[in-house]
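K.L.:
The sequence and its predicted three-dimensional model are supplied below.
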Amino acid sequence: MNLISDMQIPVRRAPHSRIHEVDWGNLELGQYNSDHMLVCDYSEGRWFGPEIMPFGPFSLLPTTLAFHYGQTIFEGMKAFRTADGRVHIFRPEKHYERWVRSAERLCMPVVPSEVFMEGMRRLVQLDREWAPGSTGSALYIRPFQIATDFRLKLKIAESYRFAIVCSPAGNYFSRPVRVKVEREYARAVKGGTGYAKCGGNYGASLFPTQMAKAEGYDQVLWTDGVSHQYIEESGMMNVFFVIDGVLVTPPLNDTTLDGVTRDSLLVLASAAGIPVEERSVSVDELREGLERGRVREAFGAGTAAVISPIWQIGIDGRDYTIPVSRDGGSIGPELKEALDSIRYGRTEDPYGWNFYV
Ligand SMILES: *Cc1c(COP(=O)(O)O)cnc(C)c1O
């Protein structure tokens, strides 16, 4: 990794830590922020020095472009505390690669990897007490970038703010969910921004999700935006099925987000000798597989919940239950355990995924 370890990052410390306010047993993501944040501004064609400072408000004019035209991107990753007390960030280089693709799609200057990686390392090191040690809990890290020109005319902004904030995340128990195969609305279309983690994608997904919730579902299972015939992903997670004993996930393209959890699970499944296929899954295949009991498990995969088992899938007004998924299934939990073992330092990290701060 290419780190400038002597890069100067001035630190203005918070006068008091707020960590004693946290109710660790009862933690919702984003409920609390750690004591510090990193801020780095861009203007006149260059990045200025990053700074770490107490977590607090930004002062922005109402005409700031990010408020109007959606030139905003973000990432989401986690820092874990291993059994021996050390703290690491899980696969930050892989998140940075995706960050670069998001920034390019939104015409934003790419913050140098030294600022992204070293800035995040210093911030997490400073706020490491906020990374709880119990299995399932972690410190969620949210890098983001917004266009900060203040003028209402739509054009590519010339000034930006990159920032990183952190939020402790509790043991996120993911109870099995009901999902609805979405046949009308689209999250992403070919040629659009589906592969980027940009603000607009998420704002646009709220309404269809709200409609699905009104019908009693927890989440939408997105299909392609043209034929609505091929499964893409679910909410803020990639999706996996176990069909005839094979772990199947839709392939990556410009409408699907390249999830780091997805990639990690594929690597771990192959290592465990589980047959895997990255291929298209049509709604017809899914329906038939559910009817004939060939779909034994279904789950979403993402940084927030790791694995979220799906116990029921609604297709065109009919609900199909996956009995095995209801008690967790077997492949999903096995992969989650393999991933957690690496993250919490219970086994070797043969892939070099843990980046110690
Ligand atoms: C962030 C995200 C994912 C999951 O990616 P991870 O890197 O595994 O957290 C999947 N789909 C969408 C739409 C996302 O925004």
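P.N.:
Nice, thanks for sending it over.
K.L.:
Can you report how many residues lie near residue 265?
P.N.:
27 (other C-beta atoms under 10 Å). Heads up, the C-betas are built off the backbone N, CA and C, glycines and all.
K.L.:
show me the contacts for it.
P.N.:
The contact partners of residue 265, by C-beta atoms under 8 Å, 6 or more residues apart in numbering, come to 240, 301, 307, 335, 339.
K.L.:
helix/strand/coil for the last one?
P.N.:
I take that to be residue 339. helix (DSSP: H, G, I helix; E, B strand; the rest coil).
K.L.:
My guess is it contacts residue 305. True?
P.N.:
No. With contact defined as C-beta atoms under 8 Å, residue 339 does not count as touching residue 305 (12.0 Å).
K.L.:
quick one on the thing from earlier: just the buried ones from the contacts of residue 265?
P.N.:
Among the contacts of residue 265, those scoring as buried are 240, 301, 307, 335, 339 (criterion: 16 or more other C-beta atoms under 10 Å).
K.L.:
The second one: what's its closest spatial neighbour, skipping adjacent residues?
P.N.:
So that's residue 301. Nearest residue to residue 301, sequence neighbours excluded (C-beta to C-beta, 6 or more residues apart in numbering): residue 261, at 4.5 Å.
K.L.:
ditto for the third one
P.N.:
Take residue 307 and drop its neighbours on the chain: the residue closest to it by C-beta to C-beta, 6+ apart is residue 336, 4.6 Å away.
K.L.:
Show me what from the stretch 201-350 of the chain comes close to the ligand.
P.N.:
233, 236, 237, 238, 257, 259, 260, 261, 262, 302, 303 (C-beta under 6 Å from any ligand atom).
K.L.:
swap the cut-off to 5 Å and go again
P.N.:
When proximity is defined as C-beta under 5 Å from any ligand atom, the stretch 201-350 of the chain approaches the ligand at 233, 236, 238, 257, 259, 260, 261, 302, 303.
K.L.:
Hmm, which of the residues you listed is lowest in pLDDT?
P.N.:
Lowest model confidence among those falls on residue 236, which carries 91.
K.L.:
right, and that one touches residue 302 too?
P.N.:
Yes. Judged on C-beta under 8 Å, residue 236 makes contact with residue 302 at a distance of 5.5 Å.
K.L.:
Between those two, tell me which one has more neighbours.
P.N.:
Using other C-beta under 10 Å, the more surrounded residue of residue 236 and residue 302 is residue 302, with 21 against 18.
K.L.:
tell me the pLDDT at the residue nearest to that one when sequence neighbours are not counted?
P.N.:
Nearest-residue entry for residue 302: residue 237, 3.8 Å, with adjacent residues in sequence omitted and distances by C-beta to C-beta, 6+ apart. Model confidence at residue 237, given as pLDDT, is 96.
K.L.:
check contacts around residue 237.
P.N.:
259, 261, 300, 301, 302, 304, 305, 308.
K.L.:
for this structure, where's the lowest mean pLDDT among helices and strands?
P.N.:
Within the chain, no helix or strand scores below helix 323-326, which has a mean of 66 by mean pLDDT, DSSP states H and E.
K.L.:
Can you list the buried residues in the helix or strand harbouring the residue nearest to residue 301?
P.N.:
Here residue 261 sits within helix 260-271, counting by DSSP states H and E. Residues of helix 260-271 classed as buried by neighbour count (16+ other C-beta under 10 Å): 260, 261, 262, 264, 265, 266, 267, 268, 269.
K.L.:
Turn these into CSV, columns for distance to residue 330.
P.N.:
As requested, these are exported to CSV (distance: C-beta to C-beta, whole Å):
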residue, distance to residue 330
260, 23
261, 19
262, 19
264, 18
265, 14
266, 17
267, 19
268, 14
269, 12
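K.L.:
And the helices in the stretch 151-300 of the chain?
P.N.:
Listed in chain order, the helices found in the stretch 151-300 of the chain under DSSP state H, counting those that start in this stretch are 199-214, 260-271, 283-291.
K.L.:
any chance of these in JSON lines, plus distance to residue 124?
P.N.:
Formatted as JSON lines, those follow (distance: least, C-beta to C-beta, whole Å):
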{"stretch": "helix 199-214", "distance to residue 124": "24"}
{"stretch": "helix 260-271", "distance to residue 124": "17"}
{"stretch": "helix 283-291", "distance to residue 124": "40"}
